[in-house]
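K.L.:
Any chance you can model this:
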Amino acid sequence: MARRTRKEPAAPAAPVTVTVCRGCCCGVAAKHPGVDHAGQLERLREGVGDAGKVRAVQCLDACDHSNVVVVSPSAEGRAAGGRPVWLGWVLADDMLDEITAWVRAGGPGLAEPPGTLDLQAFAVSRRVREGLPG
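P.N.:
Numbers count the residues shown, from 1 in each chain. As a prediction, the model looks like this:
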């Protein structure tokens, strides 16, 4: 009797991930009155759609740059040299639109970010960077 082997489906490639801080400083009306924080998160989720995933986390420990968003490359983007990009002061709708357009274009490693996002980018310490939830 011939033995049949079952081919396991390939694991899906890791998509571009947009991590949105919603902890002690980011995403709170006390620090940013007049900003619709829940609406921002929904706008990112709708804008990114199937091109990636959006997740909210409690605190990214970069409170001086509140509201913080981290755009992490897809598996393909990382293989092409892309690294997570930390963006601060993400408060306006046009910033959200630029983030979603960048993700839809491929994100870090595969597409250049819109030039205005360069003004929002900042570097974090290795301690903070390594503490980013997986």
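K.L.:
where's the residue nearest to the spatial centre of the chain relative to A62, distance?
P.N.:
Taking C-alpha atoms, centre = their mean, the centroid of the chain lies closest to V18, which sits 1.8 Å from it. V18 sits 15 Å away from A62, going by C-beta to C-beta, to the nearest Å. Using the backbone N, CA and C atoms, a C-beta is placed for each residue, glycine as well.
K.L.:
thinking again about what came up before, is the residue nearest to the centre of the chain in contact with V57, as I believe?
P.N.:
No - using C-beta atoms under 8 Å, V18 is not in contact with V57; the gap is 11.0 Å.
K.L.:
Give me the below-cutoff pLDDT ranges for this structure.
P.N.:
1-12, 127-134 (pLDDT under 70).
K.L.:
try 90 this time
P.N.:
Applying pLDDT under 90 to the chain flags residues 1-14, 23-34, 59, 61-64, 115-116, 118, 124-134.
K.L.:
Cool, thanks, talk later.
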